[in-house]
Every structure is written in structure tokens, then in C-alpha cells.
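In: Here is my input, please return the structure:
(one chain, ligands or ions: 2)
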Amino acid sequence: MSSVVSAQGVDLGEYRPKFDPPDAHSIPDTPFGEAVKRGQAIFLKTPQNAPNFVGNNMNCVSCHMDAGRRKDASPLWAAYVLYPAYRAKNEHVNTLAERLQGCFTYSMNGQKPPAEDQVIVDLESYMYWLARGAPTGVVLEGQGFKRLPEPAQKPDYVRGEKVYAQNCVLCHGADGQGQSVNGHMVFPALWGDQSYNWGAGMQSIPTAAAFIKANMPLGHGNTLSDQDAWDVAYYMNGHDRPQDPRFNGSVEETQKKYHDAKTDLYGQKINGKVLGADSVPHGGRLRKDAS
Ligand code: HEC
Ligand code: HEC
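Out: Ligands and ions are numbered 1, 2, ... in the order given. You can find the predicted model right below:
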């Protein structure tokens, strides 16, 4: 295990305490418990329970698995104890509310709820309840997504396509669009209009590889080789998705400012197409011009 520097810049050495969140059935029947339950419901069915802020078809739990409880799937209890924190993404100290707002803008391809909105209050209540009894200001075991070592071979689209066909296509579909039954999303989209946008954390290939290795194929985490996880992450993020909300009209400038060519494919040519050049605008069905 390597030394850990906290989000606040404190060197924590190898100290990573273990923590287990409270039993899911133990949410109290109190006014506070009601907020916790609403927060959980928003987390599990986000477009239904926070419709004004979500532009795609995903739920928070699509990536933060087991209702935000699972280790190595960026669990909420581990996140709760790390805020407020400085973030390089926006170069200032973020409150937990601001961190949550970012999830709506990017992962959910939507609009940020005001910090005092009930949606944010309920999500914070759910996180606080999950973290009950945890120490604050430390990186708990299982926080975030467990980074993989650098790949032996450079991640590759064609190899990734094969990994995808063998391990992912069954649920996420040949076109990456996932599957819905009676309008209810069952398997989330990996790219295209209903997926996370170009500003989201998951479009970074190291982050996607880490998530996939630990959590996919569903129910068979940690069965792909590291190389397969890198290759399929590259393949997945080598497809177009909704525009980066920070887009200023120029793919080249947006690429330079926000997309490090070593970690993501925005602005790069894949199969003859520049990714980001023809992206649908940010915002999905929340857009005024969307039907
Ligand atoms: C497409 C996958 C995806 C979806 C959907 C998603 N997230 Fe995340 N989330 C991530 C990734 C990836 C990160 C880590 C980003 C980074 O690299 O910093 C993250 C980080 C977070 C963090 C900070 C974790 C930490 O330890 O600092 C919180 C809190 C969070 N998400 C909450 C939410 C909430 C609430 C929603 C729904 C409104 C949501 N996320 C939807 C992928 C997702
Ligand atoms: C058995 C069905 C199944 C298989 C096979 C599967 N997934 Fe998933 N995947 C899911 C489900 C369901 C979720 C959402 C998890 C949840 O809601 O609890 C998900 C979530 C995801 C997410 C985060 C959400 C999103 O849409 O971006 C990614 C990325 C992902 N899967 C990639 C993969 C990759 C890559 C493979 C192949 C290596 C794979 N999955 C195989 C069912 C599957």
C-alpha cells in the first residue's frame, strides 16, 4: 500500500481505517430519517426523484454501486468525511454541496440544484447517515475507485472492442446504449446522448479502468485482467457523448484547457472522427430546444 495524501493535503501515510456503514434497514422513523430516505431514493432513481436537474437516463447508483455503500465504487460514507476539500478541477475549496452539484452537471449531464435545494439537503442527509461513526478527515479503506497500475501495453481500441463483445455487450448493447424496459432504464448507457458527458470523471480512462476492473461485468468484479480493463475503458471512452458543459465553442481550446491527452480522448481523432466535434449540446432533455 502506498502513502496517502488526503484531499486536504495531509500526508496520512498508510493509515486507512476500515469502516462499514449502518444496516440499510436501520434508517430511523424520524423527520431526519425521512430526509435520509428521500436522499436514498434520489440516489437510486435520480431522473424520477430529481427531474429538474438530470439530463440523461442514469442514476447515481449506476456508478456508486449498492446504493453508494460498496467499497472501490466511490462509496458515499468515505466521501462524506473528506469534505470540504480543495479540488484541482475548479481550483478552490469545495463544500460537499458543491461537490454534489458537480455530479449533476457532469455525470448526470444536467443542471446543478441550488446548494440549499431539498435535493442537496436530502443527499447530504443520506451521506451523513451512512458515515455515522466514521472518523473524519481520513481516507477510509475502499474510498474512491482503486487505481490500477499503469498498463503493460498502451490501451488499444481494437483489443477493447473484443473485450467489450465478450464481456459487456449482453447488458450494455452493441451500440453502448444500455437497455430500458417500459421506459425504465435497466442497464445504463456507456456512451451517446443518455450517458455521462465529456466533463464527467468517468470519461477519464484511468478512472473508468479502475471502476470497470472492480465492478464489471456486473456481479463478476475483479475477473478481467488489468490490461482488459484498460483496453475496454479506452474503447468505451473512444465514443462520443454529450458536450463538456465548459465548452467554449472550440474543441481544440476545450481540449487544451480541460482534457489531458494522456488520460482522455476528447478532441482526439478515433475512426476518422474528432471526439467532441459533433457532440450533442450539454443538458439532454433539460435543454430548452429539446423535445
Ligand atoms: C457515470 C458515473 C457516475 C454517476 C452517474 C455519478 N457519479 Fe459520482 N462520481 C463518479 C466518479 C468517476 C467520481 C470520482 C471523480 C474523480 O475522479 O474525482 C465520482 C465522485 C463522486 C463523489 C465524491 C467522492 C469522493 O470520495 O470524493 C460524490 C460525493 C459523488 N460522486 C456523488 C454522486 C451523486 C450524488 C450522483 C448522482 C446525482 C453521482 N455521484 C453520479 C462517477 C459517477
Ligand atoms: C450482467 C449485466 C452487465 C454486464 C455483463 C456489464 N455491466 Fe456494466 N453495468 C450493469 C449495471 C446494471 C450497471 C448499473 C449498476 C447499478 O445500477 O447498480 C452497470 C454500470 C456500468 C458502468 C457505469 C454506468 C455507466 O453507464 O457508465 C460502466 C462504465 C459499465 N457498467 C461498464 C461495463 C463494462 C466495460 C462491461 C464489460 C467489461 C460491463 N459493464 C458489463 C450491468 C452490466
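
In: contacting residues around Gly283?
Out: By Cβ atoms under 8 Å, 6 or more residues apart in numbering, the contact set of Gly283 is 55, 109-111, 242, 245, 290. The C-beta positions use only the backbone N, C-alpha and C, and glycine is treated the same way.

In: swap that for Pro155, please
Out: Pro155 sits in contact with 205, 209, 230-231, 233-234, where contact means Cβ under 8 Å, 6+ apart.

In: do stretch 205-215 and ligand 2 meet at all?
Out: Yes - counting by Cβ under 6 Å from any ligand atom, contacts between stretch 205-215 and ligand 2 involve 208, 211-212.

In: For those residues, could you give me CSV that also reports distance to Ala88 and secondary structure?
Out: Listed next are the residues of stretch 205-215 next to ligand 2 as CSV, based on distance: Cβ to Cβ, whole Å; DSSP: H, G, I helix; E, B strand; the rest coil:
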residue, distance to Ala88, secondary structure
Ala208, 19, helix
Phe211, 20, helix
Ile212, 23, helix
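
In: Of the contacts of Pro155 - the most surrounded one?
Out: Trp230 (30 neighbours; other Cβ atoms under 10 Å).

In: thought it was touching Pro149?
Out: No - because the distance of 9.8 Å does not satisfy Cβ atoms under 8 Å, Trp230 is recorded as not touching Pro149.

In: now the residues of stretch 205-215 next to ligand 2 as a markdown table including pLDDT and neighbour count?
Out: Listed next are these as a markdown table, based on pLDDT from 0 to 100; neighbours: other Cβ atoms under 10 Å:
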| residue | pLDDT | neighbour count |
| --- | --- | --- |
| Ala208 | 98 | 28 |
| Phe211 | 98 | 24 |
| Ile212 | 98 | 26 |
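
In: Can you tell me which of these is closest to Pro21?
Out: Proximity of the residues of stretch 205-215 next to ligand 2 to Pro21 was ranked by Cβ to Cβ; the top entry is Phe211 with 19.6 Å.

In: That closest one touches Ser204, doesn't it?
Out: No - between Phe211 and Ser204 there is no contact under Cβ under 8 Å: 10.1 Å.

In: Need the max-distance pair from the contacts of Pro155.
Out: Applying Cβ to Cβ across the contacts of Pro155, the maximum distance is between Ile205 and Asp231, 9.9 Å.

In: name the element Val186 belongs to?
Out: If you go by DSSP states H and E, Val186 is part of strand 184-187.

In: by contact count, what packs against that strand?
Out: strand 179-181 (3 or more Cβ pairs under 8 Å, 6 or more residues apart in numbering; DSSP states H and E).

In: Okay, buried residues for the strand it packs on please.
Out: Judged by neighbour count (16 or more other Cβ atoms under 10 Å), strand 179-181 contains no buried residues.

In: Kindly check the end-to-end length of stretch 69-79 for me.
Out: The straight-line separation of the ends of stretch 69-79 (Cα to Cα, to the nearest Å) is 11 Å.
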